[in-house]
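> Fold the following for me, if possible:
(chains A and B)
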Number of protein chains: 2
Amino acid sequence: MKVREKGFTKLIKVEEAKRLIDEKIAYNIREYEEVDLLESLGRISFENVMSPIDVPPFDRAAMDGYAAKAKDITGASMRNPAILKVIGYIEAGDKKEMILTERSAVEISTGAPIPKGADTVIPYEETRRTGEYIEVYSAIPPGRNISKKGEDIRRGEVVLRRGEKIKSWNIGVLASINKVKVKVYRKPRVAIISTGNELKELGEKLGEKEIINSTGAMLKALICEVGGEPVYYGNVSDDTNLISKKIMKSIRFNDFIVVTGGTSVGKRDYTIEAVMKAGGKIIFHGVAMRPGKPTALAILNGKPILMLSGYPVAALIGFHLFGRKIMNRICGTKDPPLPKVKAKISRRVASRPGIIDFLRVKIYKTPNGLIAEPLKITGSGVLSSIIKSNGLVIISEEKEGLEHEEEVDVIIFKPLEE
Amino acid sequence: MKVREKGFTKLIKVEEAKRLIDEKIAYNIREYEEVDLLESLGRISFENVMSPIDVPPFDRAAMDGYAAKAKDITGASMRNPAILKVIGYIEAGDKKEMILTERSAVEISTGAPIPKGADTVIPYEETRRTGEYIEVYSAIPPGRNISKKGEDIRRGEVVLRRGEKIKSWNIGVLASINKVKVKVYRKPRVAIISTGNELKELGEKLGEKEIINSTGAMLKALICEVGGEPVYYGNVSDDTNLISKKIMKSIRFNDFIVVTGGTSVGKRDYTIEAVMKAGGKIIFHGVAMRPGKPTALAILNGKPILMLSGYPVAALIGFHLFGRKIMNRICGTKDPPLPKVKAKISRRVASRPGIIDFLRVKIYKTPNGLIAEPLKITGSGVLSSIIKSNGLVIISEEKEGLEHEEEVDVIIFKPLEE
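As a prediction, the model looks like this:
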């Protein structure tokens, strides 16, 4: 018996789709901006930064105490303390030159330069002071409690690599080598083209049978979140010619195009037709995942076009799986892993084998550990399933579902509930 | 025997310090800004947002197929298909009114409004079409494959809570209810006061025995990262009067003050003295952690003053542990948990009991699982230990160290190494 076939003839696996992104997308950004150090936060470095100086630039005390010569306190102990004369005090920032003579010490604060002739710092705890003299109760070896010049960063060392996302600690390191400006990748410009006759824009009055283009608004935010610059090309009717024209217009000025809607198991695949009409080459169409089955990828003028479901949750998951990966490739960067916890699932969940299921759950802390309660899922449109959940469980293709109390990995995207 | 005692008489535990923050800091921000929806990304909601509409606003198809009456296909099967007449096609966005009569069906695309008289959607896969008629091979129950009006969000339902950090999916949900402006907390203004005679500002020429105030630059970035507005009050010499004046000046215009440096086991506790001189009440001084022992908290005019080590790594960890918590309290919000993985430690590590140790590690993927390799740590100043690592292991107060190959939780803050 031949049942009517519509849409995708074959679904590819999520891993295969990711592999194809790596294999087929060679496009990357070649322009940079030079920004002030603090402005570089969250941007992607375009340069390998080498340190022109040693950090610290001089030997300095790593503890508060007394700078001394190790040989003067050899064998010192509680019973047999060494006695040293304190000839001065040196603080961090002090520019005075001091030279230690035999059996003398200089009181020193953390960060202060080690005076000439000293090779160790005796912590206060190991001493007792009486007037100008200290008793030392422990033999501190040479080099101890001293941060050597260049110990943190050596001159010529690479402190930031091209492709690294700049975080606060990178700002700290770059400041320590007095780096005032940083070259960062120009932000990827990501075109968003929404399709759907039923869509109105945020703020417009809703007529009957109309809905707001919430997926478009969410995608703008998503692209900002991951460091891109969204460029919205508006909502286009379900018309192959119109969509095709928008794609051709946007491909020139943007690095990456995201089209939502119009790709489904429905009557017609407007978006796929439009991309092909514009000259795009389809890399994949149809992914074995739920939600997000109609996800597709094409290349036009070397640039990636990601086609996502018009439904918000499907678009959200599709963008996280594939859109972020594409943006990272374009800027030669990587994301750190997602936060995950182990939890026990609170009830049986069925899943179709051969399909990856993205199960939205609510994780609770209980005296018996974390419990993940699956939300009732009614479709890929149901964004409230994301706002009511705080975690996502990925049910792999091989599995037919989850057993009651099965232990699962949960990706967490919000604070846990008590 | 009485060894000289300096600085803190008693160190409190990290958990106790956190508890004191919760107990003693009642200050919070009471002003909001009203911003455009997309601008609200990453901000903290000041309002409980209730939906004025049902989403979806009408019953709509959740699948592509045929809208029909369930009673017309009762008992349908492969061997005994039901036959329905297709009287039209309805797409998403269609405004045409259709009414189903007995034994008829309307071809329908996902998202389209369900025509009057229909109560189920038969997926294409369960049908075969010949001209105007379809054979239906399965009895689909009423309500199946339909997104009911209000199923995602009910009118009156709270879709965003005060204190929630606004993410892309919140933007999606808010767009779907046509929310154009959102009330968000004014960003917390966080004053930064650096102390230290040896410090120069970024971009200034370094003299001998001087270093750049990298901790100040890093803190500005950290405060931006967590959604605050840093206000830099410059670097003050180690002088109680000057520091005290800066604190009194900054407390008026800011919600929270971070002072770095000048609190140590050193000769004098300039910062602590300055805070007390300004009228501040010390909540704790000295925390059982390494790095970060000199961390202290005070309250002045009800506002928190966090005193951190001037050393970058100690300041970074201290800010993450206590500064973020304080900022969250001020805006009534919470952070999601940090990303963690389990890994085996590559060598024995010693740790002093009674002190929490923050061990910087490099995590590698190996065929035998993740391995965490501890970095050589030379002090709280060594920011390069952060740029060379990608994870942090917390060694609790009770432990005397880690055994070779012991399994540990690692907080990951960068991509893993292959």
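> What about the single nearest residue of the stretch 1-150 of chain A relative to chain B? Give its phi and psi, please.
Minimum separation of the stretch 1-150 of chain A from chain B (Cβ to the nearest Cβ) falls at A:Gly93, amounting to 2.8 Å. From N, CA and C alone the C-beta is placed, and that goes for glycine too. Summarising the backbone geometry of A:Gly93 under the convention degrees, to the nearest 10, its torsions are phi 90, psi -10.
> In chain A, what residue spans correspond to helices?
Assigned by DSSP state H, the helices in chain A fall at A:14-24, A:168-176, A:214-225, A:240-253, A:270-277, A:312-318, A:324-330, A:384-387.
> anything in the third one near chain B?
Yes - counting by Cβ under 8 Å from any Cβ of the partner chain, chain B has neighbours in helix A:214-225: A:Ser214, A:Thr215, A:Gly216, A:Ala217, A:Met218, A:Leu219, A:Lys220, A:Ala221, A:Leu222, A:Cys224, A:Glu225.
> Run the chain-centre distance for that helix.
17 Å (Cα atoms, centre = their mean, to the nearest Å).
> Can you identify the strand in chain A that spans the most residues?
Ranked by residue count under DSSP state E, the longest strand found in chain A is strand A:356-366.
> Quick one: list the elements packing against that one.
Identification of packing neighbours for strand A:356-366 by 3 or more Cβ pairs under 8 Å, 6 or more residues apart in numbering or on different chains; DSSP states H and E yields strand A:289-290, strand A:340-345, strand A:369-374, strand A:391-395, strand A:407-412.
> For A:Lys376, grab the count of nearby residues.
Here the count is done by other Cβ atoms under 10 Å in any protein chain shown, and A:Lys376 has 9 residues near it.
> how near is it to A:Val349?
The span separating A:Lys376 from A:Val349 equals 11 Å under the rule Cβ to Cβ, to the nearest Å.
> per-residue confidence at the nearest residue to the residue of the stretch 1-150 of chain A closest to chain B once chain neighbours are set aside?
The spatial neighbour of A:Gly93 that comes closest, neighbours along the chain excluded (Cβ to Cβ, 6 or more residues apart in numbering or on different chains), is B:Asn197 at 2.8 Å. With respect to pLDDT, B:Asn197 scores 85.
> Which residues are in contact with B:Asn197?
Contacts were defined as Cβ atoms under 8 Å, 6 or more residues apart in numbering or on different chains; by that measure B:Asn197 touches A:Glu91, A:Ala92, A:Gly93, A:Asp94, B:Ser237, B:Asp238.
> Can you name the residues that contact A:Asp72?
When contacts are counted by Cβ under 8 Å, 6+ apart, A:Asp72 is found next to A:Ala82, A:Leu84, A:Glu102, A:Arg103.
> In this structure the second one contacts A:Glu102, no?
Put plainly, it is A:Leu84. No - taking contact to mean Cβ atoms under 8 Å, the distance of 9.6 Å between A:Leu84 and A:Glu102 leaves them out of contact.
> And the lowest mean pLDDT element among the helices and strands of chain A?
Within chain A, judged by mean pLDDT, DSSP states H and E, the helix or strand with the poorest mean is helix A:384-387; its value is a mean of 80.
> where does chain A dip in pLDDT?
Across chain A, the ranges flagged by pLDDT under 70 are A:1-9, A:263-268, A:377-382, A:417-418.
> can you list the domains in it?
A:14-31+A:187-330, A:32-55+A:151-185, A:60-147, A:340-412 (automatic domain parsing).
> Including distance to B:Lys334, could those domains go into a markdown table?
Below are the domains of chain A laid out as a markdown table (distance: least, Cβ to Cβ, whole Å):
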| stretch | distance to B:Lys334 |
| --- | --- |
| domain A:14-31+A:187-330 | 19 |
| domain A:32-55+A:151-185 | 20 |
| domain A:60-147 | 35 |
| domain A:340-412 | 11 |
